[in-house]
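S.K.: Sequence and predicted model, in that order:
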Amino acid sequence: FDDQSTGSEKFRMLYFDRLAAIFWASGNYHLHAYSLIEYYTLSCSINALSGAGKRRMASAVVLAVLAIPAKEKSPAADVFDQQNENNLRVIEMLTFDGEIVEIPTRERLLETIRQRNLVVEADDSVKRVYDLLEKTFMPLSLSKHLEEQFEQVRALTTESSETSSETIEREEKK
């Protein structure tokens, strides 16, 4: 990358970082997860994250996607959901020219994190949460197992005080 394209990528990273914060605060978990995925992808493309930072960010992305409530209808019907139509309009306004935009349904976001191997990149406790929620079926003991994993995830978040914004600001100072 030359300096101009790297500067543009850093701007887009900051943009998606801020969007993620806005969508989290507004309770729009689909667009929050979408923004984090974009932030992660851009960060990786310019090597802005260290090994530990990349693992933390991958973990945050996986948890953001898992935080989206699952609906009790078919994934095909999910595309025609009014909330998803609103999300598509918002994304079309917020994305850059020439980008292909799809409705960020929970299923599509899960597929994206699988395709980009974010689950593999994530911390072990986040991988176990993903496996418990998406791969196994243990309704009687799920709560107990998840609580154990969430305690480990909480420990990760308290030991890591660096946020994605701080990473961007540190990179800008270089």
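M.R.: Everything's here; your move. Numbers count the residues shown, from 1 in each chain.
S.K.: Run through the neighbouring helices and strands of the host helix or strand of R56.
M.R.: R56 belongs to helix 51-66 when assigned by DSSP states H and E. Applying 3 or more C-beta pairs under 8 Å, 6 or more residues apart in numbering; DSSP states H and E, one finds that helix 51-66 contacts helix 29-45, helix 106-115, helix 118-121, helix 124-134, helix 142-159, helix 164-173. Quick note: C-beta positions are derived from backbone N, CA and C, even for glycine.
S.K.: what's it in contact with?
M.R.: Around helix 51-66, the neighbours that count as contacts under C-beta atoms under 8 Å, 6 or more residues apart in numbering are 20, 29, 32-33, 36-37, 39-40, 43-44, 49, 106, 109-110, 112-113, 118-119, 121-123, 126-127, 129-130, 133-134, 153, 156, 160, 162, 164, 167.
S.K.: pLDDT weak spots in this structure?
M.R.: Along the chain, the model assigns pLDDT under 70 to residues 1-6, 72-85, 87, 94-101, 158-174.
S.K.: go with 90
M.R.: Scanning the chain for pLDDT under 90 picks out 1-12, 27-28, 30-31, 44-53, 69-106, 128-129, 132-174.
S.K.: longest helix of it?
M.R.: Secondary structure of the chain per DSSP state H: the longest helix is helix 3-26.
S.K.: tilt between the helix holding R56 and helix 124-134?
M.R.: Here helix 51-66 points in a direction 20 degrees away from that of helix 124-134 (axes from the mean of the first three to the mean of the last three C-alpha atoms, to 10 degrees).
S.K.: For the protein, list the residue farthest from the centre, please.
M.R.: Distance from the centre of the chain peaks at L140, with 28.6 Å (C-alpha atoms, centre = their mean).
S.K.: SS state for that one?
M.R.: Per DSSP: H, G, I helix; E, B strand; the rest coil, the local secondary structure of L140 is coil.
S.K.: I'd like to know how far it sits from Q149.
M.R.: As judged by C-beta to C-beta, to the nearest Å, L140 and Q149 stand 17 Å apart.
S.K.: if we can go back for a sec, please indicate which of the contacts of helix 51-66 are buried?
M.R.: 20, 29, 32-33, 36-37, 39-40, 43, 49, 106, 109-110, 112-113, 118-119, 121-123, 126-127, 129-130, 153, 156, 164, 167 (16 or more other C-beta atoms under 10 Å).
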